[in-house]
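>>> sequence isn't available, so here's the structure alone:
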């Protein structure tokens, strides 16, 4: 019989067992926790962390996690059996105060479970991809990110560009430094563009090793002060060129389904939709103003 328990932290032994379960679940084809949740689990639980574990005897068969985000908490669930999603999520949400907004990333197939738990369909997220190389070119001036020097300037651009974004907005130094400690982090693939003596835009790339090396446009943004200058397209092309230069045969990125300008730009650059994720949202209730 499956038993589910929720808790505010994981002991070292529990952390090791959860990590082993996640590796097995991913190998079996389960959707992965997103980078926000994975980083929180890997590098240390921050305020807002909650975990729910489903087990049969000593064996973990499901895991759910909540981590603090720009607006409330973001939630992910990984299981071997889809029947375990609802009890895991229910137990996890029981530990999240109703004054805290919740965003659960899943797929459209989870609509019934979300409705049962009081979460409403919210944002769609498109995964788009294309083969490399690209025929497009750019001569936009770029330099690599400098760890220990560029953090505050980057945070200012990122948080201005993603002010209303649930996961990418509201980053602090600790959040950025978590990513800098990831095995995949490469400052040479973190491309910065300066204008008028200040950081204006960036294209942060990431590599996904596998049978075919795939590169990701991980985060790309232009400070609002520099909109309308074609920098979004130029930096996307620069990112694709960089990824191809380090051996990537394909490229991918994630973009909000309602961001028609960005989706149109990426389509014009040869990207096509490969997969759609769906978020479900519970608004904060009764919070004092």
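Cool, the structure landed. Note that the structure is predicted; figures quoted are calculated from it, not measured.
>>> quick one, helices of the stretch 101-250 of the chain?
Listed from the start of the chain, the stretch 101-250 of the chain has helices (DSSP state H, counting those that start in this stretch) covering 111-116, 151-161, 173-180, 231-245.
>>> chain center to the shortest one, what's the gap?
Centroid separation for helix 111-116 versus its chain: 22 Å, with CA atoms, centre = their mean, to the nearest Å.
>>> show me what counts as buried in that helix.
113-114 (16 or more other CB atoms under 10 Å). C-beta here means a position set from N, CA and C on the backbone, and glycine is covered the same way.
>>> show me where pLDDT drops low in the stretch 151-289 of the chain?
Where the stretch 151-289 of the chain drops to pLDDT under 70, the residues are 287-289.
>>> that older thread, which of the helices of the stretch 101-250 of the chain sits most buried?
Mean neighbours per residue, mean count of other CB atoms under 10 Å, is largest over the helices of the stretch 101-250 of the chain for helix 231-245, with a mean of 21.
>>> which other helices and strands does that one contact?
If contacts are counted by 3 or more CB pairs under 8 Å, 6 or more residues apart in numbering; DSSP states H and E, helix 231-245 sits against strand 190-195, strand 198-208, strand 214-222, strand 250-256, helix 260-268.
>>> I'd say residue 237 and residue 134 touch.
Yes - counting by CB atoms under 8 Å, residue 237 touches residue 134, with 6.6 Å between them.
>>> find residues that contact each of the two.
Common contacts of residue 237 and residue 134, defined by CB atoms under 8 Å, 6 or more residues apart in numbering, comprise residue 269.
>>> returning to what we had before: of all the helices of the stretch 101-250 of the chain, which lies closest to residue 263?
helix 231-245 (12.0 Å; CB to CB).
>>> next, the angle from that closest one to helix 260-268.
Compare the direction of helix 231-245 with that of helix 260-268 by axes from the mean of the first three to the mean of the last three CA atoms, to 10 degrees and you get 40 degrees.
>>> strands paired with the helix or strand harbouring residue 77, and their directions?
Element membership for residue 77 (DSSP states H and E) is strand 72-79. With DSSP bridges as the test, strand 72-79 is paired with strand 59-69 (antiparallel), strand 102-106 (parallel).
>>> and it, average pLDDT?
In this model, strand 72-79 has a mean pLDDT of 96.
>>> and the next element down the chain from that strand?
Later in the chain than strand 72-79, the nearest helix or strand by DSSP H and E is helix 85-93.
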